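**Q** Curious how this folds, go ahead:
(chains A, B, C, D, E and F)
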There are 6 protein chains.
Amino acid sequence: MELSARNSLKGKVKNVKSGTVMAELTVKVDAGTVTAAITDASRERMKLKEGDEVSVVIKATEVMIAKG
Amino acid sequence: MELSARNSLKGKVKNVKSGTVMAELTVKVDAGTVTAAITDASRERMKLKEGDEVSVVIKATEVMIAKG
Amino acid sequence: MELSARNSLKGKVKNVKSGTVMAELTVKVDAGTVTAAITDASRERMKLKEGDEVSVVIKATEVMIAKG
Amino acid sequence: MELSARNSLKGKVKNVKSGTVMAELTVKVDAGTVTAAITDASRERMKLKEGDEVSVVIKATEVMIAKG
Amino acid sequence: MELSARNSLKGKVKNVKSGTVMAELTVKVDAGTVTAAITDASRERMKLKEGDEVSVVIKATEVMIAKG
Amino acid sequence: MELSARNSLKGKVKNVKSGTVMAELTVKVDAGTVTAAITDASRERMKLKEGDEVSVVIKATEVMIAKG
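**A** Sure, this is the predicted structure:
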C-alpha cells in the first residue's frame, strides 16, 4: 500500500500511555523524539508496545516551520 | 515563546516551491526528509529560502503510526 | 504496512485537478463523494489519475460530527 | 449554515465511548464505518448517542489517498 | 445544523486570494485576523468574497497554545 | 522564534480539564472563547493553569469558513 502522506520517519517506540479514548506514543527517531496522539483503539488493534519498530507518518499540510 | 506542539526537529531547507496560495518546503532533518505545505504568505513573511536553518514543528494529534 | 489512521473507504478517482503545490482529487466512495487536497508531488509520485481504485484515509481526530 | 469543509457523509451512530477530555464515536456510513475523535464536551453539548442520524464532516486538506 | 467543532468566531472577509486548488481568505474577527486556507472549489461554491459576514470554525484538536 | 502558523489570538486561560492523555483548555479571547485539545503532557510541561496569559495558535489549513 502506498500512501499520499509524504513524511515517514523510522523509529522505535519508547513509551506508551493509554487513556480511555486516546493513547500517546513516544517514538525515538534519529536525532529526536516524536510524540503521537492516536486513538487507544488503534493502539490496541496494532498491538503497539515499547520496543516496536514503527514509522511516524505525517501529512505535509500538518507540518509547520519555525525559524530563529 | 513556548508552544504546546510537542514535536520539533531541527533541519535545513533543501527546496522551496512557491504557488499562488501554498508553498512547499523540503527540510532535511537527521531522521530523513520532511515536507511542509504552508501558505505562501508565511513563506514570504519568514523569508524562507534554501539553506535556512529551521525546525519542523508538528502537533502530536497530527502524527500517525505505521508498522510492518 | 498497517496504519494507525482508523478510517479507510474504498473508491474510484473521478477527477484530478493539479496546481503548483497542491492537487485536488475527487473520489467516488459508496457513501458519497470525498475530496482530498494533497500535495501535487504526492499525486505525481503515486501517478494518481481518473479511474484509479484508491482508498481515502482519514485520522479519527480530523473527523467532525454534524447533526440536525 | 454552509460550511467550507467539503466532505459530508450521512450515517448512524453505532457506538459512543466517553473519556475525560475526548470521546470516540463510531458512525456507520454506506459501505463502511467512520470513527471520530471529538471532545467529550461536544458529545455532551450535542447529546450524541447510539442511533443518532448524523453526518461525518471532514476538511479536504485532512484526507489522504492510499493505493495498491 | 449543529457541528461538533467547538470554535466559531464571527468576522468579515477582508481579502480573498484564489489559486488553482487552494484559496486563502483573510477574516477580521474581534480578537484579530484569522487566515483560512480552504479549497478554491469551496470558495467558489460558497461565493465567498470581500465583505461577507462569516464565521471561522476550528476543531479543538487543531488549536495550539503559546505562552511567554 | 518565528512560526509559520499564521493565526495567533491573545487570551487568558479560563478553564483547564486534565485527562490521562489529553487536556482541554478554554481560552477567553476578544469577543469569544477558543477551546484547545492538547496533550496533557504539554499542559504539564508548560504549567498551564487558569489565569495564564496565552495565545491560541492555529495553522491556516485547519481553519474552515461558515456562512449564513
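
**Q** Number of residues surrounding residue A:33?
**A** When counting by other C-beta atoms under 10 Å in any protein chain shown, one arrives at 16 neighbours for residue A:33. C-betas here are computed from N, CA, C, even on glycine.

**Q** Make sure it is actually in contact with residue A:26.
**A** Yes: contact criterion C-beta atoms under 8 Å: residue A:33 and residue A:26 qualify, at 6.0 Å.

**Q** which residues are common contacts for those two?
**A** Common neighbours of residue A:33 and residue A:26, using C-beta atoms under 8 Å, 6 or more residues apart in numbering or on different chains, are residue A:14.

**Q** Strands along chain A, start to end?
**A** Using DSSP state E, the strands of chain A run over A:2-3, A:7-18, A:22-29, A:32-39, A:53-58, A:64-67.

**Q** need those strands in JSON lines with mean pLDDT, can you?
**A** Below are the strands of chain A laid out as JSON lines (pLDDT from 0 to 100):
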{"stretch": "strand A:2-3", "mean pLDDT": "96"}
{"stretch": "strand A:7-18", "mean pLDDT": "97"}
{"stretch": "strand A:22-29", "mean pLDDT": "98"}
{"stretch": "strand A:32-39", "mean pLDDT": "97"}
{"stretch": "strand A:53-58", "mean pLDDT": "98"}
{"stretch": "strand A:64-67", "mean pLDDT": "98"}
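
**Q** Find the nearest non-adjacent residue to the closest residue to chain F within chain A, please.
**A** Nearest residue of chain A to chain F (C-beta to the nearest C-beta) works out as residue A:19 at 3.4 Å. Among residues not flanking residue A:19 along the chain, residue F:20 sits closest, at 3.4 Å (C-beta to C-beta, 6 or more residues apart in numbering or on different chains).

**Q** Let me have the strands of chain A in a markdown table, extended by distance to residue E:48.
**A** Output for these, formatted as a markdown table (distance: least, C-beta to C-beta, whole Å):
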| stretch | distance to residue E:48 |
| --- | --- |
| strand A:2-3 | 31 |
| strand A:7-18 | 31 |
| strand A:22-29 | 34 |
| strand A:32-39 | 32 |
| strand A:53-58 | 29 |
| strand A:64-67 | 25 |
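
**Q** Tell me which of those strands lies nearest to residue C:14.
**A** strand A:2-3 (19.5 Å; C-beta to C-beta).

**Q** what's the burial count for residue A:1?
**A** 12.

**Q** residue contacts, the residue in chain A that chain D sits nearest to?
**A** Nearest residue of chain A to chain D (C-beta to the nearest C-beta) works out as residue A:20 at 3.4 Å. Residue A:20 is in contact with A:40, D:17, D:18, D:19, D:20, D:22, F:19, F:20, counting by C-beta under 8 Å, 6+ apart.

**Q** Go ahead and confirm residue A:59 touches residue B:62.
**A** Yes: using C-beta under 8 Å, residue A:59 is in contact with residue B:62, at 7.1 Å.

**Q** shared neighbours of these two, anything?
**A** Joint contacts of residue A:59 and residue B:62 (C-beta under 8 Å, 6+ apart) do not exist.

**Q** More neighbours: those two, which one.
**A** Counted by other C-beta under 10 Å, residue A:59 and residue B:62 do not tie: residue A:59 has more neighbours, with 30 against 25.

**Q** Flag every buried residue along stretch A:60-68.
**A** A:60, A:61, A:62, A:63, A:64, A:65, A:66 (16 or more other C-beta atoms under 10 Å in any protein chain shown).

**Q** okay if I get the residues you listed as a markdown table plus distance to chain B?
**A** Listed next are the buried residues of stretch A:60-68 as a markdown table, based on distance: C-beta to the nearest C-beta, whole Å:
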| residue | distance to chain B |
| --- | --- |
| A:60 | 4 |
| A:61 | 5 |
| A:62 | 4 |
| A:63 | 4 |
| A:64 | 4 |
| A:65 | 5 |
| A:66 | 4 |
